[in-house]
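Student: pasting the sequence and the predicted model now:
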Amino acid sequence: MTIFCKELRAGAVSFLVWSTVVGGLMAVCVGLYPSFASSMDDVSALFAGMGGFSAAFGLDKLQFGSVLGFYGTECGNILGLGGAFYAALTAMGLLAGEEGGHTAEFLLTHPVSRLRVAGEKLAALSALTAALNLVCLACGAGGILAIGEEADWSKLLAYHGALLLMQLEIGGLCFGLSALLRRTSFGLAMGLAAVLYFAGLLINLDPGLDWLRFATPYYYADAARVFAGDPLAGPVLAGCGLGLLGAAFGLWRYRRKDIS
């Protein structure tokens, strides 16, 4: 597990920065809820009547006046985007970073197979992503307890589970792309995450694009759908399949890649 531990150490600073920023913003948002609670009914009515804007972000379905609806709208978007960008950027640098940084010559001269190298890097990606989500869950749940509000914890945990699965799917896809590149492309990583995010918004705006629910993880990681108990088994399975396919492709490609 030497490579696994090395990747954890290498990503420690990035993890601390992202977890502090994303988790801190979530805690701040939850802390602001009591100051807006008295006017939340008016805000909910306002959002419900904003047409396409409300539909795009699920504000027409979420009860924005409840702590859970407020959490799903504000904190969900922070972790949904921040966590996805973190997973994408981390995954994109795992394999391409060795070649672009000219460290592959040192790494691959050791008596370890390429499959083990890539496998331990993938395990480190999963561990870092899961740790980020645990920190953010602690910040969000701690904020709710600190302001003395009651929440449906089963729905909250289900929502965070969907967000974690979404980030792992995006990480798996970027890991596969990383095996194709000679140098790390952070722009490609962030671009992929952004395209998937906007695809999720388009599904809410146009029912004719419902087929995209099998392509973007933001469909099953949408707070309005999770809290409403919508059937999400199909999109979840499709998302798991895409993430595993991306990860498997990365492992396969790295074993056969001509490292320059």
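Tutor: Arrived safely, thanks for sending. Note that the structure is a prediction, hence the values are computed from the model and not measured. Numbering: from 1, shown residues only.
Student: quick one, strands of this protein?
Tutor: For the chain, strands defined by DSSP state E do not occur.
Student: the helices in it, which residues?
Tutor: In the chain, the helices defined using DSSP state H lie at 2-10, 12-37, 40-48, 52-56, 67-70, 76-100, 104-107, 114-146, 153-178, 186-205, 223-228, 233-256.
Student: which stretches of the protein aren't confidently modelled?
Tutor: For the chain, the stretches flagged by pLDDT under 70 are 37-62, 64, 99-102, 104-105, 260.
Student: repeat the analysis, applying 50 as the threshold.
Tutor: Per-residue confidence for the chain (pLDDT under 50) gives no ranges below the cut-off.
Student: got the contact list for the closest residue to Met1 other than its chain neighbours?
Tutor: Distance criterion CB to CB, 6 or more residues apart in numbering; nearest residue to Met1, sequence neighbours excluded, is Glu120 at 6.6 Å. From N, CA and C alone the C-beta is placed, and that goes for glycine too. By CB atoms under 8 Å, 6 or more residues apart in numbering, the contact set of Glu120 is 1-4, 7.
Student: now with 7 Å?
Tutor: By CB atoms under 7 Å, 6 or more residues apart in numbering, Glu120 lies in contact with 1, 3-4.
Student: switch the residues you listed over to a markdown table; also include neighbour count and distance to Gly176.
Tutor: Output for those, formatted as a markdown table (neighbours: other CB atoms under 10 Å; distance: CB to CB, whole Å):
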| residue | neighbour count | distance to Gly176 |
| --- | --- | --- |
| Met1 | 10 | 23 |
| Ile3 | 18 | 19 |
| Phe4 | 16 | 19 |
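Student: make CSV out of the helices of the chain and add distance to Leu212.
Tutor: Shown next, in CSV, are these (distance: least, CB to CB, whole Å):
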stretch, distance to Leu212
helix 2-10, 33
helix 12-37, 26
helix 40-48, 24
helix 52-56, 13
helix 67-70, 24
helix 76-100, 16
helix 104-107, 37
helix 114-146, 23
helix 153-178, 14
helix 186-205, 5
helix 223-228, 14
helix 233-256, 10
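Student: out of the ones you listed, the one nearest Thr216 is which?
Tutor: Evaluated over the helices of the chain, closeness to Thr216 peaks at helix 186-205, with 4.1 Å, by CB to CB.
Student: tell me the angle that closest one makes with helix 153-178.
Tutor: With axes from the mean of the first three to the mean of the last three CA atoms, to 10 degrees applied, the angle from helix 186-205 to helix 153-178 works out at 130 degrees.
Student: so what's the gap between helix 186-205 and the chain middle?
Tutor: 12 Å (CA atoms, centre = their mean, to the nearest Å).
Student: hang on, the earlier thing: out of the contacts of Glu120, which comes closest to Arg255?
Tutor: Comparing these against Arg255 with CB to CB places Ile3 closest, at 15.0 Å.
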